[in-house]
Every structure is written in structure tokens, then in C-alpha cells.
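Engineer: sequence plus the predicted model coming up.
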Amino acid sequence: MSRRQPQDCTEMSHVREAIDEIDIHLVELVAQRFGYVDRAWQLKQHGPEGAVVPWRIQQVIDKVRHHADEKGLPPELAEAMWRQMIGWFIQYEEEQLARSAESGDDKSSA
């Protein structure tokens with residue numbers, strides 16, 4: 001990435017261009033994370049864990065808050081974003097697990 005640093009932006013167009021570039025990368029990263037979430041429900045259908053694993057959720061939030069703080073990002077903002085994302089992923093996992101249980105489908109062997 002060869003974008004300007006925030007302090008080097010002299011026009012709003014520079015700021016917007018950098019934000020648009022960052023947004024593209026964020027979507028790519030969330031898509032990668034989604035791939036792992038998609039695999040997680042497939043593995044969970046054969047084990048005792050459900051979609052909600054409270055200790056893991058807290059572990060992720062703690063790590064995100066710590067990393068955000070190290071980077072100068074308000075930890076509350078990072079936590080709010082991750083809780084929203086985790087909530088969506090949990091709902092997705094629950095729906096997939098329920099669908100799999102109803103149909104007896106085993107996508108992990110496909």
C-alpha cells in the first residue's frame with residue numbers, strides 16, 4: 001500500500017481515496033475471516049461445541065481490545081465492531097448447524 005499518511009493529506013479527495021483503499025482491504029480480511037467461520041460450523045456439527053462459545057468470544061474481545069489500545073484505536077470502538085461481527089457470525093453458524101441437523105447434510109466430507 002502506497003497511500004499517503006493522514007498528516008500528508010492536503011485535500012479531502014486524498015482522505016477519501018485512502019479510506020476507500022482501506023475499506024477494500026478490510027472487506028478482503030473479513031471475507032477471509034468468514035471462510036474460517038464457515039469451516040468452524042462444519043467442524044462443530046460433529047462435536048460438542050455449539051455456535052456460542054462464551055470463553056472464546058471473551059478471549060477474542062480481550063485480544064482485540066488489547067491490540068486496539070496498542071495501535072491508538074479506542075478499545076471500545078474495536079470491541080463494538082467485533083461484537084457486531086461476532087454476533088452476525090454466531091447467527092450464521094447457528095443457522096448452518098440447524099440446517100445441517102435438519103437435513104443430515106455433511107458438507108465437511110464434500
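Structural biologist: On my side now, so go ahead.

Engineer: now the one helix or strand residue 30 maps to, how far from the centre of its chain.
Structural biologist: Using DSSP states H and E, the element containing residue 30 is helix 12-44. A distance of 8 Å separates the C-alpha centroid of helix 12-44 from that of its chain, computed with CA atoms, centre = their mean, to the nearest Å.

Engineer: just checking, what packs against that helix?
Structural biologist: In this structure, helix 12-44 packs against helix 75-103, with contacts taken as 3 or more CB pairs under 8 Å, 6 or more residues apart in numbering; DSSP states H and E. Just so you know, the C-beta spots here come from the backbone N, C-alpha and C atoms, and that holds for glycine as well.

Engineer: quick one: mean pLDDT for the helix holding residue 30?
Structural biologist: Over the span of helix 12-44, the pLDDT mean works out to 96.

Engineer: average pLDDT across the next helix or strand after that helix?
Structural biologist: Following the chain from helix 12-44 toward its C-terminal end, the next helix or strand by DSSP H and E is helix 54-70. Here helix 54-70 scores 98 as its mean pLDDT.

Engineer: buried ones in helix 54-70?
Structural biologist: 60-61, 64-65, 68 (16 or more other CB atoms under 10 Å).

Engineer: quick one: list the elements packing against it.
Structural biologist: helix 75-103.

Engineer: same question for the helix it packs on: list its buried residues.
Structural biologist: 75, 78-79, 82, 85-86, 89-90, 92-93, 96-97, 100.
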